[in-house]
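**Student:** whatever this is, show me its structure:
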Amino acid sequence: MPANPFMFVVLLMKIAFGGLVGWLVFSAFTSPLPLPYYFKNIFIRWRATLATMLGVALVVAVYVMLQAMAAGLERRAPTPAIRVT
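**Tutor:** Predicted coordinates for the structure are as follows:
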């Protein structure tokens, strides 16, 4: 039974969110720069932030579409006319 690509994307998003929270906690205690500096730069460098978000979204979308196409091709593949026994 093929895996559901949507559930895989949801799992990746949960892992990414957990990594983000972990990074925030880690950087809050170990970074020489104050944490608000990072959030300020998100808005100051909004073009780079937007380009990064669009690039990641595009890669994920292409991956999901290719996985869906592969699952569809597997499901609709014709059975061989001659069976070798």
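**Student:** what number of residues lie near residue 5?
**Tutor:** The number of residues packed near residue 5 is 17, by other CB atoms under 10 Å. Where you see a C-beta, it was placed from the backbone N, CA and C, and this is true even at glycine.
**Student:** assess the claim that residue 49 and residue 42 are in contact.
**Tutor:** Yes. Between residue 49 and residue 42 there is a contact under CB atoms under 8 Å: 5.2 Å.
**Student:** surely residue 5 and residue 61 touch.
**Tutor:** No. Contact status for residue 5 versus residue 61: not in contact, 10.9 Å apart, counting by CB under 8 Å.
**Student:** of residue 49 and residue 42, which one has the most company?
**Tutor:** Legend: neighbour count by other CB under 10 Å for residue 49 and residue 42, higher for residue 49 (13 against 10).
**Student:** what's the helix or strand for the more buried one?
**Tutor:** helix 46-76 (DSSP states H and E).
**Student:** for that helix, buried residues please.
**Tutor:** For helix 46-76, burial by neighbour count (16 or more other CB atoms under 10 Å) applies to residue 67.
**Student:** what helices or strands is that helix leaning on?
**Tutor:** With contacts taken as 3 or more CB pairs under 8 Å, 6 or more residues apart in numbering; DSSP states H and E, helix 46-76 sits against helix 5-30.
**Student:** what's the angle between the helix it packs on and helix 46-76?
**Tutor:** 150 degrees (axes from the mean of the first three to the mean of the last three CA atoms, to 10 degrees).
**Student:** just the CA coordinates of whatever helix or strand comes next after helix 5-30, formatted as PDB?
**Tutor:** The helix or strand immediately downstream of helix 5-30 is helix 35-44, counting by DSSP H and E. These are the backbone C-alpha positions of helix 35-44, laid out as PDB (Å, rounded to 0.1, in the frame of the first residue of the first chain):
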ATOM      1  CA  LEU A  35      16.900  36.700  19.900                       C
ATOM      2  CA  PRO A  36      14.900  39.700  18.700                       C
ATOM      3  CA  TYR A  37      17.700  40.500  16.200                       C
ATOM      4  CA  TYR A  38      16.800  37.400  14.200                       C
ATOM      5  CA  PHE A  39      13.100  38.300  14.100                       C
ATOM      6  CA  LYS A  40      13.900  41.900  13.200                       C
ATOM      7  CA  ASN A  41      16.000  40.700  10.200                       C
ATOM      8  CA  ILE A  42      13.100  38.600   8.900                       C
ATOM      9  CA  PHE A  43      11.200  41.800   8.300                       C
ATOM     10  CA  ILE A  44      14.200  44.000   7.300                       C
END
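**Student:** okay then, goodbye and thanks.
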